[in-house]
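# just to be clear, the model below is a prediction. Sequence and coordinates:
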Amino acid sequence: MTNQQQQVRSGDLLHLTRAASPQFARPIIVRVIRALTDRHTYDGWLWIDAYQLGPHGDAIARRELYLMPSGAQRLTSPPSRPTARRGVRRGPVRVG
């Protein structure tokens, strides 16, 4: 990733795996609230405040995460929600 691509901004949707940090042995998807730029970090690393998203794209936890932006994968849209099932219309039943 180039320097411009490494910038993490509010609203970014990121897929975090071990490439972003060893803590993500189990990958997660987050929506960035803000980059915490006032914290001192190693070169190429960043603290972010983010919402962890569940399988339907809903926020399930607010987290502060330490990661390497160059290892994060940017997503263009959150996980899709399953379509709502509509009930079957049933008419009157004739007996006999």
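Great, that's in hand.

# let me see the contact set for Leu75.
Leu13, Leu14, His15, Ile29 (CB atoms under 8 Å, 6 or more residues apart in numbering). Yep, even glycine has a C-beta here, placed from its N, CA and C like the rest.

# name the strands paired with the strand or helix carrying Ala61 and say parallel or antiparallel.
Applying DSSP states H and E as the criterion places Ala61 in strand 59-67. Strand 59-67 has its sheet partners listed here by DSSP bridges as strand 46-53 (antiparallel).

# what comes up buried for the partner strand?
Residues Leu46, Trp47, Ile48, Ala50, Tyr51, Gln52, Leu53 are the ones in strand 46-53 that count as buried (16 or more other CB atoms under 10 Å).

# I'd like the distance between the nearest residue to Ile29 once chain neighbours are set aside and Tyr66.
What sits nearest to Ile29 in space, not counting adjacent residues and going by CB to CB, 6 or more residues apart in numbering, is Leu53, at 4.7 Å. Here Leu53 is placed at a distance of 19 Å from Tyr66 (CB to CB, to the nearest Å).

# which one (most neighbours) among the contacts of Leu75?
Leu14 (23 neighbours; other CB atoms under 10 Å).
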